[in-house]
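Chemist: Predicted model, plus sequence, below.
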Amino acid sequence: MAATLYLIPTSLSGKPFVETYPEEILSIIRGLEVFVVETPKIGRSFLRGLNKDRQVSQLRFIELNENSQVNADDALKVLMGGESVGVISDAGYPGIADMGSNLVKFAQKEGIHVKCFFGPSSILQTLAASGLNGQNFKFNGYAPKDQIERVKYIKNLEIESIKTGYAQIFIETPYRAQYLFEDIINNLNSNSLLCLGINIDHDTEEVVTKTVADWKAIGKNINKSQVVYIVQGRV
């Protein structure tokens, strides 16, 4: 059989969800010998959770993160040699605001079959629960680190949303989550809508949509939280 690149989602909270996968998918994952991982330790732990009897030490792990994109070539060689490969990110869905997209791009270029298994996505779960425009939306990635650029960035997203009606989705690292929230409520139109998807898939999960004015009135402590932001601009 031709090689396949399998994109294997993991829990956003770190909780094992072996019972979520049907046996057909578990059988495929358990049959793989080579895995591309963001962090080898986390990848090994995930695989042990799927099959406690498996000798994880005998598997091959290729580390692929922002500091080791060149290792995508190693994974591609395995695929070109006819052996299937699984991709496991530390948390969430590989290739969606996560590692793995470059490897998928190379696999597509070489005509290698790419198969996605279902699993949690903080971006899509927040959008679905937000009540905002699920027909037309745009994912914008991470906000800029610099505050001046960050404020300019969110203002431009609001302007674009007002013009197009699109829900504008973006994310930030946990240690800048509070700063971005405060930049939003202090700089966008009071009538614009803001949804916060906080700690998706965790016990502390919240998905709340309010106007910027309402958020400013009540405030919110999201410091060091994992947050998905969605802005839908209104004048």
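Modeler: Yep, it's here. Bear in mind the structure is a predicted one, so any value in this text is a computation, not a measurement. Numbering: from 1, shown residues only.
Chemist: Which stretches in this protein count as helices?
Modeler: 23-31, 40-50, 72-80, 101-109, 122-130, 147-164, 177-187, 212-218 (DSSP state H).
Chemist: So for residue 232, which of the ones you listed sits nearest?
Modeler: Nearest of the helices of the chain to residue 232, taken as CB to CB: helix 147-164 at 5.6 Å. In this view, the C-beta of every residue, glycine as well, is placed from N, C-alpha and C.
Chemist: neighbouring contacts of the closest one?
Modeler: Helix 147-164 is contacted from outside by 136, 138, 140, 143-144, 166-168, 170, 179-180, 183-184, 187-189, 192, 231-235, using CB atoms under 8 Å, 6 or more residues apart in numbering.
Chemist: One more pass at 10 Å, please.
Modeler: 132-133, 136-138, 140, 142-144, 146, 166-170, 172, 176, 179-180, 182-184, 186-189, 192-194, 212, 229-235 (CB atoms under 10 Å, 6 or more residues apart in numbering).
Chemist: so who does the residue most central in space within the chain touch?
Modeler: Taking CA atoms, centre = their mean, the centroid of the chain lies closest to residue 97, which sits 4.4 Å from it. Neighbouring residues of residue 97 by CB under 10 Å, 6+ apart: 89, 121-123, 139, 141-142, 169-171, 228.
Chemist: List only buried entries from the contacts of helix 147-164.
Modeler: Among these, the ones that count as buried by 16 or more other CB atoms under 10 Å are 132-133, 137, 140, 143, 166-170, 172, 176, 180, 182-184, 188-189, 192-194, 212, 229-234.
Chemist: I figured residue 141 hits residue 228, correct?
Modeler: No: using CB atoms under 10 Å, residue 141 is not in contact with residue 228, being 11.5 Å away.
Chemist: Now list whatever residues contact both of those two.
Modeler: 97, 169-172.
Chemist: out of the residues you listed, who's nearest residue 106?
Modeler: For the shared contacts of residue 141 and residue 228, the nearest to residue 106 is residue 97 (19.0 Å; CB to CB).
Chemist: and the closest one, how far is that from residue 210?
Modeler: Distance from residue 97 to residue 210, counting by CB to CB, to the nearest Å: 24 Å.
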